[in-house]
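Novice: Have a look at this fold, sequence not included:
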């Protein structure tokens, strides 16, 4: 019943600044400090302040919560760099700590922030909505949160085009059986194949694939385009999976697109032979070729290795490519994606006479059917040739063991010439997933054509004599066909 302070009062509590229950009034630490399931945050020389507004909606597993909740902020490498207990209805703030110079003890400038909540003994990934500020870290930055949504159930939408494509998912569904995964779009599906040749074939009620495997890619043929929706738990992007020697179909586990070079940087350059996407674009380190650009969520990839590899994706990929532009042929048609292909390498130093930029190269089967085409852009070429699709009744590509012939179209003269190719690696006939590299490419004789050039005009239809330079012209033939030809000034 003291009425006067005689100086003997003890103020007990947690005196550790990094503890969740730090008591600024306490003088004596009573051993009650709590740091939460993730441990203490390391303070550094600069931080960012994130305000959690009093009226912020905090939604956990679809339910608006009114109970206190622990919110943590993590770097892309999983380092805890900020946390606070938040009570709905009460304004609060979270300090996010930046990395010190030369250290990896916090956020880097411009780094994306990964949010987690700890609720009812469970760690749950979270997304936030901001009322002001940026979602990336900046020293002394200010941001305000008005919505926190935490869920352990994620959804990925994967666009599957008509015909063949490679796909994958970063979701682990509760029921991973391939029949269950495709149940909502099974009427649009023809077949799914894995890297081992196992199939899910609804027409015959056959499923030798069984369940989805984390880290694997799959090939699907759709009778019409559709969207595959996969729902379940998020697979960590750095989950390790095995790639075998030879060809593999691999999945992509990041939720964001990153450059293929950075994503494949953990595989030694001597082990990675080549990588292909659904459309026959390649990443071919041997020739410095990359017309894949970025690896994208939902896509699958074929990759060939010289030896097996325990693989996991790196945390982030640095700079990303914009849209990768590939010059499309204007003279030769483009073949159909038949679901299987072979890559023909045409190195720049293999040409006896180097083509001009804009010239086109085409590949043909023994029956004269076009099976591949591309445009010369002054560098090495990876020409994709497409095999026969055995799920159709007609021959729509080249068959196994069939020989391949080549033509070059001169964009300045409009003349086709045969190409004689001598191989330094591989063979001159088709093998699924084969790789052949030309050692010497020789221009042959001009090829006869039945159509005759009758008129040359500019893009406005005005007659020209064909001597113009650095301009696109229209070549009009007596069979009614029209070709766009770019005439380039020779240096």
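Specialist: That came through fine. Predicted, not measured: the structure shown is a model, and the values here were computed from it. Numbering: from 1, shown residues only.
Novice: so what's residue 49 bridging to?
Specialist: Taking DSSP bridges, one finds residue 95, residue 142 as the beta-bridge partners of residue 49.
Novice: so where does residue 249 fall, helix or strand?
Specialist: strand 246-250 (DSSP states H and E).
Novice: Residues contacting that strand from elsewhere in the structure, which ones?
Specialist: 166, 168, 194-195, 215-219, 241, 243, 300-305, 311, 433 (Cβ atoms under 8 Å, 6 or more residues apart in numbering). Using the backbone N, CA and C atoms, a C-beta is placed for each residue, glycine as well.
Novice: was I right about residue 232 contacting residue 151?
Specialist: No: using Cβ atoms under 8 Å, residue 232 is not in contact with residue 151, being 11.2 Å away.
Novice: Compare those two (neighbour count), which wins?
Specialist: It is residue 232, of residue 232 and residue 151, that has more neighbours when counted by other Cβ atoms under 10 Å, with 20 against 16.
Novice: pretty sure that one is in a strand, no?
Specialist: Yes: assessed with DSSP: H, G, I helix; E, B strand; the rest coil, residue 232 lies in a strand.
Novice: Tell me which residues of the strand holding residue 249 come out buried.
Specialist: Buried residues in strand 246-250, defined by neighbour count with 16 or more other Cβ atoms under 10 Å: 247, 248, 249, 250.
Novice: try stretch 411-430
Specialist: Buried, per 16+ other Cβ under 10 Å, within stretch 411-430: 411, 414, 416, 417, 419, 421, 426, 429, 430.
Novice: Return the distance of residue 43 relative to residue 66.
Specialist: 31 Å (Cβ to Cβ, to the nearest Å).
Novice: which of the two has more neighbours?
Specialist: Set side by side, residue 43 and residue 66 show more neighbours around residue 43, with 13 against 10, by other Cβ under 10 Å.
Novice: wait, doesn't that one sit right on residue 19?
Specialist: No: between residue 43 and residue 19 no contact is recorded; they are 11.9 Å apart, counting by Cβ under 8 Å.
Novice: Endpoints of stretch 150-164, how far apart?
Specialist: End-to-end distance for stretch 150-164: 36 Å, by Cα to Cα, to the nearest Å.
Novice: Centre of the chain to that stretch, how far?
Specialist: 14 Å (Cα atoms, centre = their mean, to the nearest Å).
Novice: Would you mind listing the buried residues in that stretch?
Specialist: 150, 151, 154, 156, 158, 160, 163, 164.
Novice: just those now: which is nearest residue 15?
Specialist: The closest of those to residue 15 turns out to be residue 150 (Cβ to Cβ; 31.2 Å).
Novice: which residues sit in contact with that closest one?
Specialist: Counting by Cβ under 8 Å, 6+ apart, residue 150 touches 58, 59, 60, 61, 116, 117, 119, 124, 125, 126, 127.
Novice: How much space separates residue 432 from residue 110?
Specialist: Residue 432 sits 44 Å away from residue 110, going by Cβ to Cβ.
Novice: neighbour-wise, which of the two wins?
Specialist: Ranked by neighbour count (other Cβ under 10 Å), residue 432 and residue 110 place residue 432 first, with 13 against 9.
Novice: give me the number of residues near the closest residue to the more buried one other than its chain neighbours?
Specialist: Distances taken as Cβ to Cβ, 6 or more residues apart in numbering place residue 340 nearest to residue 432, at 4.8 Å, with adjacent residues excluded. Around residue 340 there are 19 other residues, counting by other Cβ under 10 Å.
Novice: Hmm, residue 340 is touching residue 391, no?
Specialist: No: with contact defined as Cβ under 8 Å, residue 340 does not count as touching residue 391 (10.6 Å).
Novice: quick one, what contacts the closest residue to residue 99 other than its chain neighbours?
Specialist: The shortest distance from residue 99 to any non-neighbouring residue, by Cβ to Cβ, 6+ apart, is to residue 106 (4.1 Å). Taking Cβ under 8 Å, 6+ apart, we find residue 106 in contact with 42, 44, 75, 79, 81, 96, 97, 98, 99, 100.
Novice: now residue 106: how far from residue 34?
Specialist: Distance, residue 106 to residue 34, by Cβ to Cβ: 22 Å.
Novice: my read: residue 441 touches residue 419, true?
Specialist: Yes: judged on Cβ under 8 Å, residue 441 makes contact with residue 419 at a distance of 5.8 Å.
Novice: since we're on residue 240, how many residues are nearby?
Specialist: 11.
Novice: Ignoring the adjacent residues along the chain, who's closest to it?
Specialist: Nearest to residue 240 is residue 312, by Cβ to Cβ, 6+ apart, at 4.3 Å.
Novice: what's near enough to touch that neighbour?
Specialist: Residues in contact with residue 312 (Cβ under 8 Å, 6+ apart) are 238, 239, 240, 241, 266.
Novice: Check residue 32 too.
Specialist: So residue 32 contacts 13, 14, 21 (Cβ under 8 Å, 6+ apart).
Novice: Report all helices and strands that the strand or helix carrying residue 440 contacts.
Specialist: Element membership for residue 440 (DSSP H and E) is strand 435-446. Helices and strands touching strand 435-446, by 3 or more Cβ pairs under 8 Å, 6 or more residues apart in numbering; DSSP states H and E, are strand 341-346, strand 416-425.
Novice: Distance to residue 292 for the ones you listed - can I get that in a markdown table?
Specialist: Output for these, formatted as a markdown table (distance: least, Cβ to Cβ, whole Å):
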| stretch | distance to residue 292 |
| --- | --- |
| strand 341-346 | 13 |
| strand 416-425 | 21 |
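Novice: got these as TSV, with mean pLDDT and distance to residue 54 columns?
Specialist: As requested, those are exported to TSV (pLDDT from 0 to 100; distance: least, Cβ to Cβ, whole Å):
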stretch	mean pLDDT	distance to residue 54
strand 341-346	96	59
strand 416-425	93	68
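Novice: Which of the ones you listed sits closest to residue 457?
Specialist: strand 416-425 (21.5 Å).
Novice: What strands line up against that closest one, and which way round?
Specialist: The strands beside strand 416-425 in its sheet (DSSP bridges) come out as strand 405-409 (antiparallel), strand 435-446 (antiparallel).
Novice: Would you single out the least confident of the ones you listed?
Specialist: Note on those: lowest mean pLDDT is at strand 435-446, with a mean of 88.
Novice: Give the burial count for the closest residue to residue 290 other than its chain neighbours, as a bare number.
Specialist: In space, and not counting its chain neighbours, residue 290 is closest to residue 283: 4.9 Å by Cβ to Cβ, 6+ apart. Neighbours of residue 283 under the rule other Cβ under 10 Å: 24.
Novice: Right, I'll leave it there.
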